[in-house]
Structure formats: C-alpha cells, structure tokens
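Undergrad: Provided below for reference: sequence and predicted model.
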Amino acid sequence: MSGRGHRAGRAARKRRRKQESVVQSVSLCHQLQYVRLMKFLRQRGFTSTLLQPALFTDTGRGLQAVKSIKPGQLLISLPESCLLTTSTVLDSYLGHYIKSWKPRLSPLLALCVFLVCERHLGEASDWFPYIDVVPAAYTCPAYFTDDVVAVLPSGARRRASEQREAVRQLHSRNQNFFRSLQPLLSQPVDEVLTCEALRWAWCSVNTRSVFMSHPSNDSLSGQDVYALAPFLDLLNHRPDVQVKASFNDVTRCYEIRSVSGTLRYQQAFINYGSHDTQRLMLEYGFVAPCNPNSVVYVDADLLCDVLRGDRSLDQKIKFLKENNFLHNLTVSSEGPGWRLMTALRLLSLPQTLYHLWKAVLLGQVLCEEREEWSVQTAKTLCQRLLQDSRTALDKIANLLRQCDQPVREQLDVVESLRQEERCILGSCLELLEGPPRQPDELFSCAPDVDAVS
C-alpha cells in the first residue's frame, strides 16, 4: 500500500534550513601530511598556536581558529626561513645552472622549475612536507578543457585562452634550459619537465604565493615579487574580511594581522584584494559567494554588434578607444557602471552634437531623448548578456552529465560564475525597467549652429 509522504512542518523546515546553513568543520591536524608539514615548519622556527588546518563544508580546506582572535591581533607570523623564494632556488642545486644560463630566467620560471624538480625527488626533497600538501591540480583556466573555456563569458574566454597559451609558450621556449638540467634528474628531462608539470608549478606559484618584493638579482630577469608561504597559504579569501599583511624587516617574518578578529573554531580568512568574481576565477580558480565587487563585463564586440546599424559607429568606436573608454565597461546589481553609461552617452551623440563630448566625459547627462536612448541600449546589452548566461548554463548542465571529476570541478567554478552573472543582470534589468531617474541638469540637444556650419 502506498500513500503520500509526510510533509515536514514549518518549524522542522526552519530547523533543516538552519542546519544546512551552519558550516561544519573537521580538523586535519592529525593527518600524516599535516603532521609532517608542521614538523617541517617548526624545525625552521615557526610557532603557531592560534590556527590549525581543517576541512570546511563551504570552502573546503582552510585554517581554523583554535582560540578566539582579537581585532588587531597577529594571526600568523611565518619566519623567512619557511618562505620559498628565488633566494631558496639560487642557493639550491639549481643555482649554478640558473646563474650561468643566458638569456636570464624570470623569477617565475626559476620557482616553477624548482617546484617540479623537488616534486620529482619525492620524499627525498627537503621541501616534500610542503609540496605534499600543495594541490595536485587546479581549477584555473590553465587547466580548463576546450569545452569549459567555450562556456566562459567572451572576455574571460580570451583571457583563459591567453593563460593556457602563456603556459605552453613558457614550456616550449625553455626547452634548451630544461635539457641542461638532465645531470640532476634520474629520469629523462622530457618525462620530468613536461608541459603538464610546468602548468602545475605555474598555477602553484600564481595562486599560492604572497607578494614580497625582493632586491634585483643579476642572475634573474624581471620583477621578483613571489614568495611561497607554507601553512599561511591555507588561508582562504573572503571579500568582507580585513587584514594587514606584509614582510616585517625587523622580525624577518611574513606577518598577517587581523583587523576584525575571528571567533574560536571559526575559519580564519584573509582578503586577496577588491577583486570581482571573474578576476578571482581567472587568477585563483574559485568564485567567492556574496562578493560586493562582482560585476558583469560588457565586451566591445557586443557593443558593436548591438549598434551595428549606426553608420558613424566606426568613428565613434575609434574616439572611445582613443579616450580609453572601451575597456572595463561593466554592470552591477546596482545598475550600469559609470564608464558604460558614459560610453553609451558618447555613442548616442549624432554628428551635430559631437561638440558636447567633453561635457559627457566629465559626467554631464545629455537631454532626455539621448539619455533614454542610452538607458534603452544598456537594457538591450543586459538582455543579450542574460541570454548568453542562460545558454551557457544550459550547456554546462549538459556537460556535467557526461564529464569526469576534474572537468566537473572546473565546470562547477564556471557555473557559479555564470549563476552570479544571471543574478546581477536580472537585478540590473529590474532597476533599468523601473521609473527613470531625473538628472539635476540636462544639456539641450538642439544642434549647435557653430558645430553644424
């Protein structure tokens, strides 16, 4: 006999929602790889009593406060001896090879080669306890498959392709240097310094290093600002958290000081900077929920496609490009960005009103007719972007049904990005479709006699 299932009451549903929203955590400090990491760091002078590695249901791996951390309190102080920098590399077995090589290597490549070689050594490596806790793969665009790149927004798609190509070029252009390292390796260099291995190292340095300016070095070429910071790099980003982070020249430690504090057993966070969601995805391989910096980018190609009926469009686009108004055009949940609306107001100008361009660049709103055109065009752009997001989400749903785990993790990140885009664009359209806001002052859109003549 069958019957309808019992439906939970309102109180039960509230309890369930509350339980689902509560972040759970499990300590990782007793796992062998973290025991080895802490032993490795203590041998180098690190003492930590405030934080421990833990697995959280919302962010994955992170650092948990063992006791409450007060505002202004030092969160972590990592001795210089624990940092992996180009000095570490140049003082190692690789130093002679790097110093004698011409043309000089970049600091990034030197660190990447060191990581690959140390990983190749396995447990024989001095840095094995650190490398053992570094992710084996990443959800950065450098790892994205063609199918994943294809469902990115157009601007992000270009940058993702550029990132993948940059890694390939880094590998192909340094083959001679890699071959010079054969005496150091127990296997053929082509099996150790592969493009895949270099990609792993490249992502490790770019996503996990802290900014630390180093003196210029005659053995390397380019700005040297990287420092890999074991344990400290387990701290996750949250956009509403404030910290102070820098290398202390007095204590010779990289220090992070909490501004707002952290409650006991809560996850301790840092802030990577005021980055929008697309930048976080491109540079770090994740999407932060509830990011107040989130925006949707309007590509110049879309702008041209929407306005392709304008016979003077090429001239206007050239003007925007010359005045640096064709990039960083965005919309947020609070409406179109100032740069986008300024660009649209400029594009709305007929030839007889070109003399008003300086006023528009200074933020002056034109007559109601031109302003209405600008708002309607902004709505059209949002509608096109929203349709693109919906189409991408449908494609992602289909891909998720047939992909393996690594690709699934990549798609999860892109899906979060697209879902956030959909929310932002929906909110922006609601605002644009509401009652128009009346500007304090409008220019006359009557043709200027001098401009016409």
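TA: Okay, I see it. Numbers count the residues shown, from 1 in each chain.

Undergrad: could you point out where the protein is predicted with low confidence?
TA: Within the chain, the stretches with pLDDT under 70 are 1-21, 352, 436-453.

Undergrad: How far off centre is the longest helix belonging to it?
TA: As assigned by DSSP state H, the longest helix anywhere in the chain is helix 368-400. Mean-position distance between helix 368-400 and its chain equals 23 Å (Cα atoms, centre = their mean, to the nearest Å).

Undergrad: So which bits of that helix are buried?
TA: Residues 370-371, 373-375, 377-379, 381-382, 385-386, 388-389, 392-393, 395-396, 399 are the ones in helix 368-400 that count as buried (16 or more other Cβ atoms under 10 Å). Bear in mind the C-beta positions are built from the backbone N, C-alpha and C, glycine included.

Undergrad: ok, now stretch 268-277?
TA: Buried, per 16+ other Cβ under 10 Å, within stretch 268-277: 268-272, 275-277.

Undergrad: go on, stretch 293-300?
TA: Neighbour counts over stretch 293-300 (16+ other Cβ under 10 Å) mark 294-300 as buried.

Undergrad: Reformat those residues as CSV; add secondary structure and distance to C253.
TA: CSV is the format used below for those (DSSP: H, G, I helix; E, B strand; the rest coil; distance: Cβ to Cβ, whole Å):
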residue, secondary structure, distance to C253
S294, coil, 34
V295, coil, 36
V296, strand, 40
Y297, strand, 39
V298, coil, 44
D299, coil, 44
A300, helix, 46
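
Undergrad: and the nearest residue to Q267 once chain neighbours are set aside, how many neighbours?
TA: Distances taken as Cβ to Cβ, 6 or more residues apart in numbering place G62 nearest to Q267, at 4.8 Å, with adjacent residues excluded. Close neighbours of G62, defined as other Cβ atoms under 10 Å, add up to 21.

Undergrad: go on, D190?
TA: 11.

Undergrad: and it, what element?
TA: Using DSSP states H and E, D190 sits in helix 189-192.

Undergrad: Give the full set of residues in contact with the nearest residue to N248 once chain neighbours are set aside.
TA: Of all residues beyond its chain neighbours, the one nearest N248 is E255 (5.0 Å), with distances taken as Cβ to Cβ, 6+ apart. E255 is in contact with 74, 76-78, 245-248, counting by Cβ atoms under 8 Å, 6 or more residues apart in numbering.

Undergrad: tell me the secondary structure for E255?
TA: strand (DSSP: H, G, I helix; E, B strand; the rest coil).

Undergrad: Distance of it relative to C29?
TA: Applying Cβ to Cβ, to the nearest Å, the value for E255 to C29 is 22 Å.

Undergrad: Also E80?
TA: Distance, E80 to C29, by Cβ to Cβ: 24 Å.

Undergrad: quick one, which of these two is more surrounded?
TA: E80 (18 against 14).

Undergrad: Just the strands from the stretch 1-150 of the chain, written as ranges.
TA: 25-27, 51-56, 60-65, 74-79 (DSSP state E, counting those that start in this stretch).

Undergrad: can you put the ones you listed in CSV and add distance to T139?
TA: Below are the strands of the stretch 1-150 of the chain laid out as CSV (distance: least, Cβ to Cβ, whole Å):
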stretch, distance to T139
strand 25-27, 22
strand 51-56, 17
strand 60-65, 11
strand 74-79, 25
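
Undergrad: Out of those, which gets nearest to V151?
TA: Closest to V151 of the strands of the stretch 1-150 of the chain, according to Cβ to Cβ: strand 60-65, at 22.7 Å.

Undergrad: Tell me how far that closest one lies from the chain's centre.
TA: Distance of strand 60-65 from the chain centroid (Cα atoms, centre = their mean) equals 20 Å.

Undergrad: That strand: partners in the sheet, and parallel or antiparallel?
TA: Here strand 60-65 is paired, per DSSP bridges, with strand 51-56 (antiparallel), strand 267-270 (antiparallel).

Undergrad: Could you look up the next helix or strand downstream of the shortest one?
TA: I take that to be strand 267-270. helix 277-284.

Undergrad: I figured K67 hits L50, correct?
TA: Yes. Judged on Cβ atoms under 8 Å, K67 makes contact with L50 at a distance of 6.4 Å.

Undergrad: neighbour-wise, which of those two wins?
TA: Each of K67 and L50 has its neighbours counted (other Cβ under 10 Å); L50 has more, 20 against 12.

Undergrad: and the gap between that one and S77?
TA: Remark: distance between L50 and S77 (Cβ to Cβ) = 10 Å.

Undergrad: same check, this time on L282
TA: Distance from L282 to S77, by Cβ to Cβ: 31 Å.

Undergrad: With S219 instead?
TA: To S77, S219 is 29 Å away according to Cβ to Cβ.

Undergrad: These two: who's more crowded?
TA: Per other Cβ under 10 Å, whichever of S219 and S77 has more neighbours is S77, with 19 against 16.

Undergrad: Contacts only, for the more buried one.
TA: S77 makes contact with 248, 251, 253-256, according to Cβ under 8 Å, 6+ apart.

Undergrad: Equivalent analysis for L232, please.
TA: The contact partners of L232, by Cβ under 8 Å, 6+ apart, come to 76, 78, 210, 254, 256.

Undergrad: what about the helices in the stretch 301-450 of the chain?
TA: Counting by DSSP state H, counting those that start in this stretch, the segments of the stretch 301-450 of the chain that form helices are 313-322, 338-347, 357-361, 368-400, 405-432, 449-452.

Undergrad: Report all helices and strands that the first one contacts.
TA: The elements that helix 313-322 packs onto, with contact taken as 3 or more Cβ pairs under 8 Å, 6 or more residues apart in numbering; DSSP states H and E, are helix 300-306, helix 338-347.

Undergrad: Likewise for the second one?
TA: Under the contact criterion of 3+ Cβ pairs under 8 Å, 6+ apart, the helices and strands touching helix 338-347 comprise helix 313-322, strand 330-332, helix 357-361, helix 368-400.

Undergrad: Going by contacts, tell me the helices and strands next to the second one.
TA: Translated: strand 330-332. Packing partners of strand 330-332 (3+ Cβ pairs under 8 Å, 6+ apart): strand 296-297, helix 338-347, helix 368-400, helix 405-432.
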